[in-house]
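S.K.: heads up, no residue letters with this:
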């Protein structure tokens, strides 16, 4: 069975008196986790060797956000995990602009040689920067990546891409449908391999008017803080 975080329900239950999201800081953001809560959630986590493969989502990209620690989502998760369980080895082979094929050809062997007990796969978006995306090819590439990780006994984890396409930029509008179709691919592969799935597509953070970096492609640091919280929730639920 594929696990997912319960972010949609949690968001619906928010206090209506909360400040507008433009005024959030990391301490007041209802979608973030206090450090002590996050650490407590992962105290029983079994993973000690974590490899992360992918594109800019894995590598880390995004503008600073006032009131938030300047850390991308993956270092945040690793910091919490180390505080919860002690020594954790972490390898991030992510590369900006990498496609699923490039992750398969250029990153996977290095990640497998690291012998991870948790392999996190975060890619797919760059396969869409073409006139006609090949979703079948993307699925085949992801299938091989997931299967290779499972073959060495690693637990697998992945995420969908949030619905955060800026509506006011006409040239980006086709990406809403493309992302939806890609996320369907990611969910199918995750289900086949019993992967931990952080499904961000419906998460309300994507609709925040101030969550995107200046490039209108990547979350800024406030978005990374929320993504880290969702990953921690999903990892906690998985073990």
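M.R.: That came through, no problem. No experiment lies behind these values; they were computed from the predicted model shown.
S.K.: could you use CA atoms for every contact and neighbour count after this?
M.R.: Will do.
S.K.: might you report the residue contacts of the residue nearest the centre of the chain?
M.R.: Centrality entry for the chain: nearest residue to the mean C-alpha point is residue 159, 4.6 Å, by CA atoms, centre = their mean. By CA atoms under 8 Å, 6 or more residues apart in numbering, the contact set of residue 159 is 121-122, 186, 197-200.
S.K.: show only the entries of those found in strands.
M.R.: Judged by DSSP state E, the contacts of residue 159 include 121-122, 197-198 as members of strands.
S.K.: by neighbours, which of these wins?
M.R.: residue 121 (28 neighbours; other CA atoms under 10 Å).
S.K.: list the contacts of that one.
M.R.: Shown in contact with residue 121 (CA under 8 Å, 6+ apart): 52-54, 58, 146, 156-159.
S.K.: next, count neighbours for residue 191.
M.R.: 15.
S.K.: after the helix or strand bottoming out on mean pLDDT in the chain comes which helix or strand?
M.R.: Every helix and strand of the chain was ranked by mean pLDDT, DSSP states H and E. The lowest is helix 7-12, at a mean of 40. Once the chain leaves helix 7-12, the next helix or strand it forms, by DSSP states H and E, is helix 35-41.
S.K.: for that next one, name the packing helices and strands.
M.R.: helix 73-85, helix 221-238 (3 or more CA pairs under 8 Å, 6 or more residues apart in numbering; DSSP states H and E).
S.K.: in its sheet, what does the very next helix or strand once past that helix sit against?
M.R.: Downstream of helix 35-41, the next assigned helix or strand under DSSP H and E is strand 49-54. Within its sheet, strand 49-54 is paired with strand 89-92 (parallel), strand 118-122 (parallel), according to DSSP bridges.
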